[in-house]
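sequence and predicted structure below; questions after.
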Amino acid sequence: MVSLRRCRCTLVKLGWNANETVIAWVEHRHCSILYHYKNAENPQAAARQAGDCTNHINDSCESQRVHAIPVDGAVLVESMDWSKGTAASQVLERLKQKKDRMPDFLMVAGDDREDEPIFRWANALGKDKAIESVITVSVGSRNTEAISTLMQGVTGKWAVLPLCGPIKSSPIA
């Protein structure tokens, strides 16, 4: 997280300060920072500055293993080394050590760009047959690496379960 803090200082030096009118608000997530400008007073100027800021972060923070990605109405600053996919991989590894076997079923559902690494990770497990039944679901209409897409929102996630076939249940210890 130290490198994200350094990049935040870079953003402030560039004039990306939450007190200025360009940034509508800053969202501090567990492993990333999201600078929202969608509702800025001057959206065109904010979009231009977001592009400049993204380029600057990618040039100056690469050695710190941090990158910036323009997303809809915001700039996402995140680590190159940690994602939902790496976190899920750690959890699965600990589960394998505890149970001495892989689970039979894995479902991953998400609704934003930060879910793409975990979709890739889960799809690879399914392709390699490391887990018998794998389903990845994206909510919304954007392009995604998820196998399935639901347009009707979160309540539709459970509609994909019948597509997975029979699910074996086993007690969780």
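Arrived safely, thanks for sending.

state the distance from N143 to W25.
In this structure, N143 and W25 are 27 Å apart, going by C-beta to C-beta, to the nearest Å. Just so you know, the C-beta spots here come from the backbone N, C-alpha and C atoms, and that holds for glycine as well.

could you report the pLDDT at the residue nearest in space to the middle of the chain?
When C-alpha atoms, centre = their mean is applied to the chain, the residue found nearest the centroid is E114 (1.2 Å). E114 carries a pLDDT value of 80.

assess the claim that it and S32 are in contact.
Yes - between E114 and S32 there is a contact under C-beta atoms under 8 Å: 7.1 Å.

please identify every residue contacting each of these two.
Taking C-beta atoms under 8 Å, 6 or more residues apart in numbering as the criterion, E114 and S32 both touch 76, 78.

how does this structure divide into domains?
2-79, 84-158 (automatic domain parsing).

between the ones you listed, which gets the lowest average pLDDT?
domain 2-79 - the lowest mean pLDDT of the domains of the chain, at a mean of 74.

figure out how far it is from the centre of its chain.
In terms of C-alpha atoms, centre = their mean, to the nearest Å, the centre of domain 2-79 is set 16 Å apart from its chain centre.
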